[in-house]
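[1] Quick one, structure for this:
(2 chains)
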Amino acid sequence: DAEITQSPRHKITETGRQVTLACHQTWNHNNMFWYRQDLGHGLRLIHYSYGVQDTNKGEVSDGYSVSRSNTEDLPLTLESAASSQTSVYFCASSGGGAGTDTQYFGPGTRLTVL
Amino acid sequence: SQQGEEDPQALSIQEGENATMNCSYKTSINNLQWYRQNSGRGLVHLILIRSNEREKHSGRLRVTLDTSKKSSSLLITASRAADTASYFCAPWNSGNTPLVFGKGTRLSVIA
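    The predicted structure follows:
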């Protein structure tokens, strides 16, 4: 069955370190998204991609970057981790148009920055 | 892209009762989706309603859309403890704008 996976599921890192969170989907979807979820803020969009070599900034992109070299993967990199980036990160993918199809979410990565 | 605003923020009901949650948005839309999130999990799609539809059903779920009031509601009938979750709406305009999610409604169903 097609799926979307995230790794690691839990990560503890130190302030200033570079961290990469992986997202892999086997739906063959063109669209992939990264969100963060914090208490009191709901889900906020970080970056998204509509195809290979395409990346776009979301609402809270500062301090994060993504690259899309193939259809299946959209890794999220925190250039220099900050305590404010402690959060739960969700990756999602969808086919078809940006908002016309179901988004499938991964299980999330809980990141703690000390 | 626009964010929907769910109301109430939290809702607590007894098992067997109906649960109604609402979503308001600001500008015209092409469709609106509802998602559920169980504690510690990713969101799961529930239903998509298009702007030319007024009501849609899926099992115990009923979604209505009133484009004149820019609002949607999600009704869960005969609720169960397993319905305990957060529920999010995502209104979508058009083009390449991505889905944006709000803060959701936290539903607690007490057995």
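[2] C-alpha only now, for contacts and for neighbours.
    Fine.
[3] Can you name the residues that contact the residue nearest to residue B:43 when sequence neighbours are not counted?
    Counting by CA to CA, 6 or more residues apart in numbering or on different chains, residue B:37 is the residue found nearest to residue B:43 once chain neighbours are left out, at 4.5 Å. The contact partners of residue B:37, by CA atoms under 8 Å, 6 or more residues apart in numbering or on different chains, come to B:43-44, B:85-88.
[4] Can you tell me which of those is closest to chain A?
    residue B:43 (5.7 Å; CA to the nearest CA).
[5] okay if I get the contacts of residue B:37 as TSV plus secondary structure, pLDDT and neighbour count?
    As requested, the contacts of residue B:37 are exported to TSV (DSSP: H, G, I helix; E, B strand; the rest coil; pLDDT from 0 to 100; neighbours: other CA atoms under 10 Å in any protein chain shown):
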residue	secondary structure	pLDDT	neighbour count
B:43	strand	96	23
B:44	strand	97	18
B:85	strand	97	19
B:86	strand	97	20
B:87	strand	98	27
B:88	strand	97	31
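[6] one step back: quick check: phi and psi on the residue nearest to residue B:43?
    With angles defined as degrees, to the nearest 10, residue B:37 sits at phi -130, psi 110.
[7] Skip the chain neighbours and tell me the closest residue to residue A:90.
    Distance criterion CA to CA, 6+ apart; nearest residue to residue A:90, sequence neighbours excluded, is residue A:108 at 4.5 Å.
[8] Run a quick neighbour tally on the nearest residue to residue B:77 once chain neighbours are set aside.
    Once its chain neighbours are removed from consideration, residue B:77 has its nearest residue in residue B:18; the separation is 4.5 Å (CA to CA, 6+ apart). The local packing count at residue B:18 equals 15, with neighbours defined by other CA atoms under 10 Å in any protein chain shown.
[9] Alright, I will stop here.
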